[in-house]
Structures are given as structure tokens and as C-alpha cells.
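>>> here's a sequence, model it:
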Amino acid sequence: MRQRHADKVRPIPTTEQPKPPRKTGRKPKAAPTGATFEPLKTERLTLRPLHPDDAEAMHRLVNDWEVTRTLAEIPYPYDRSLADEWIASTANELADGSAYHLAITGHEGKRETLVGVVGLRVDRTRRTGRIGYWVGRAYWKHGVATEATRRLTSWAFANLPLDLIAAEVTEGNDASRKVLRRVGFREIGTGVRSSITTGDEHTVMVFEATRDDIFGRPEAPKTDPATHPPGAKPLLLVAACALIDVDGRVLLARRPEGKKMAGLWEFPGGKLNPGETPEAALIRELKEELGIDVSAACLAPFAFASHEYEAFHLLMPLFLCRRWKGTPMPREKQTLAWVRASKLTEYEMPPADKPLIPLLRDFL
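Got it, this is the predicted structure:
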């Protein structure tokens, strides 16, 4: 499989080509000690930060014309010292959160083997990213690029402030186009880029993906055709709760990777079961999600959200709660954050939740 795509990825939008590290003769700086990143796992692969010890294997894999000829941003021949310098630079970018260039490794017996690189460059101001990858020729036609790209894309939407991830594929690189389509990217057009590798300009196919493309769009509740009006959108009833601590902070939960709208922050709560009241639903959901006990008497109705999604209409009452038993803990792999009312707008939330923020901020 000829999964060949730039491992030096660019912010959006830009036409400037990032240049590879130049040979300076200086010893590369050590990686920042503050850089921490939990390796990402798939069924067969591990995506982890690049180490200085990876330089030899990386150079051997990428210093191959069949690999580099469509990468655009890697020179050929690829000087051995560039591998050391580039790996050192990835540690600095990882530490400041501007880029996540990761080694793709597998195992041959008990020995870890480097098979390629996948990278994501982040533009936090525009809430966009650009992803790229390359795989050593010996590991083509094994689904490596698809598996690695899918894993990094999913992780990024669930954990980084991103609304869009883009990618580019050199015209004629059909294998890479198939990789991106399998992951969930949409082909949106073409562009022209200069190539460091060949010294020429070339046409690229431009792809984009949103979190809905990767995780799917919120689904409509099931309805009874016998009673549901034709053409009307189903109504989804959801109850939410703003837990408020003694310092006036509000608890938000970030939807975990794999769920619809993963990466967005929301008030704890959930769907109402048939015949269930909003208060009963919240008591159940808060116990399941956070491990806390709440009584109906401590739930004060505050406001409600009414929002039309593509497939259904959402009605969501928001309750306030200042008293509960237990310490809120993430029991469903979500991330929790206690947030002051003045800072709530800094947390990206589903569209239905956003109108509630000014009301809650003014109240608190």
C-alpha cells in the first residue's frame, strides 16, 4: 500500500511550505522534561513520541525514493543528521502542543519496530489541524496508515480544541486517498503546492473531516410510526444538571473518545427513559456518570434549551444542584473540570448548551 503523505504537516490555511531541519553541525537539544504524552494504542500498533534512538530506523525507512517522492516536504536524499535534528524538534512541538509527530511502531516477536510516522500540526486560534503520515515500503499493504491515522484523528478530536482536521494527498497517490476516505475524511477540492523533494509544483487533493465525520452525527430517538406525525422531527428529552461547589464553580464533563460529539464539554445528565421524570433521570445519571447521590429536593429547575438538530429536536431542562453526597469522579472515561462562571465560554460545548451559559454566568 503506498501510503505516502507529508509527516511535516502545516497549519490551515497557508501556502507556505515548512522546511525540513537543516544540517547545522550542532548537537540536537535534549527533549523538554515537561513533555508528557500517553502513547495511543490500536489492535496492532502503538503511536508514541519519537525518541533519539529512533533516528537510525527512521532514516533507513524514509531515505527511500519510493517513500519520499510524494511527500513534498522531505528532501531526497535524506541526510542522516536531519533525522536527529527533526526528532529533537518534534519533542519541543509536543511540549508546547503545536504539533504531535508520533512514531508508528509494531512488534516483531518481543521487539518493538518502527514502521512509519504520523503527525498532526495544530492551529489553536483557528481550531484546525492538518494530519499526515508515511509508512516504510516494507510495511505497505498492511493497513498501517489507515489504522494509525484513524487513531490519531479520533484522539485529536476528543482531546484537542479542534473543529476541523485537513489532509492533502499528491495527485495520483490513490492509496493515500483511500486511506483518508476509510478514516472518514471528505475530498473537497484540489490545490497546488511546491515540493522540496522534487523542486517542482504539483497538484494535491484536499481532504477535510469534522468530529461528526469521525464519530457520527447525533442520532434521532426511535418513534412510533402510528403516532408520530409524518415529516415531523422526533423530540429528544434530555435532563442536565449544573453542579455548583462552595466556590461557585460549575462542573463540566468532556465527552470521551468514541462517543457522538466527543471532545465537547457539557453539563452532566442524559436522556429520559420512558415514563421517567427529569429529576429521576438526573438522580440516575449522576450516580452512573459521577458516582454521587442527589435527592430530588436538591435539584432546582433553572432554565431549558430547545435546539433543532439535523435529525431531531432536543428539549433539555437544566437544573442547579449545590448539595450531593460523594465526590464526583469520572466513571465513563469522561474528563471533568470545575470551571468558574466567567470562564465557561472558554470551553467548547454542543450548540444546545451554549445559550444556557450567559444565563448561568449572570446568575452566579
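>>> what residues does Leu315 make contact with?
Residues near Leu315 by Cβ atoms under 8 Å, 6 or more residues apart in numbering: Leu235, Leu236, Leu237, Val238, Phe304, Ala305, Ser306. Any C-beta I mention is one placed from the backbone N, CA and C, and that applies to glycine too.
>>> for Gln334, that is, sorry about that
Gln334 neighbours (Cβ under 8 Å, 6+ apart): Ala253, Arg254, Arg255, Pro256, Glu289.
>>> the second one reaches Gly263, doesn't it?
Spelled out, that is Arg254. Yes - under the criterion of Cβ atoms under 8 Å, Arg254 makes contact with Gly263 at 6.7 Å.
>>> tabulate the contacts of Leu315 (TSV), appending neighbour count.
Listed next are those as TSV, based on neighbours: other Cβ atoms under 10 Å:
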residue	neighbour count
Leu235	14
Leu236	20
Leu237	15
Val238	20
Phe304	15
Ala305	20
Ser306	11
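>>> which one is Val192 nearest to, not counting chain neighbours?
Glu201 (5.5 Å; Cβ to Cβ, 6 or more residues apart in numbering).
>>> mind checking which of the contacts of Gln334 are in strands?
Here DSSP state E is the test, and the contacts of Gln334 give Ala253, Arg254 as lying in strands.
>>> which residues pair with the closest residue in space to Glu285 that isn't next to it in sequence across the strands?
Nearest non-adjacent residue to Glu285, counting by Cβ to Cβ, 6+ apart: Gly270, 4.1 Å away. Using DSSP bridges, the beta-bridge partners of Gly270 come out as Ala239.
>>> what about Gly270, neighbour count?
16 (other Cβ atoms under 10 Å).
>>> that older thread, now the contacts of Leu315 as CSV including distance to Lys178 and pLDDT?
Shown next, in CSV, are these (distance: Cβ to Cβ, whole Å; pLDDT from 0 to 100):
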residue, distance to Lys178, pLDDT
Leu235, 40, 92
Leu236, 36, 94
Leu237, 41, 95
Val238, 38, 96
Phe304, 45, 96
Ala305, 40, 96
Ser306, 42, 96
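>>> and the protein, what are its domains?
Following automatic domain parsing, one gets these domains for the chain: 40-215, 235-363.
>>> picking that back up, could I have the buried ones of the contacts of Gln334 as PyMOL selection syntax?
Command for PyMOL that selects the buried part of these, burial taken from 16 or more other Cβ atoms under 10 Å:
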select buried, resi 253+254+255+289
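>>> having no further points to raise, I will conclude here.
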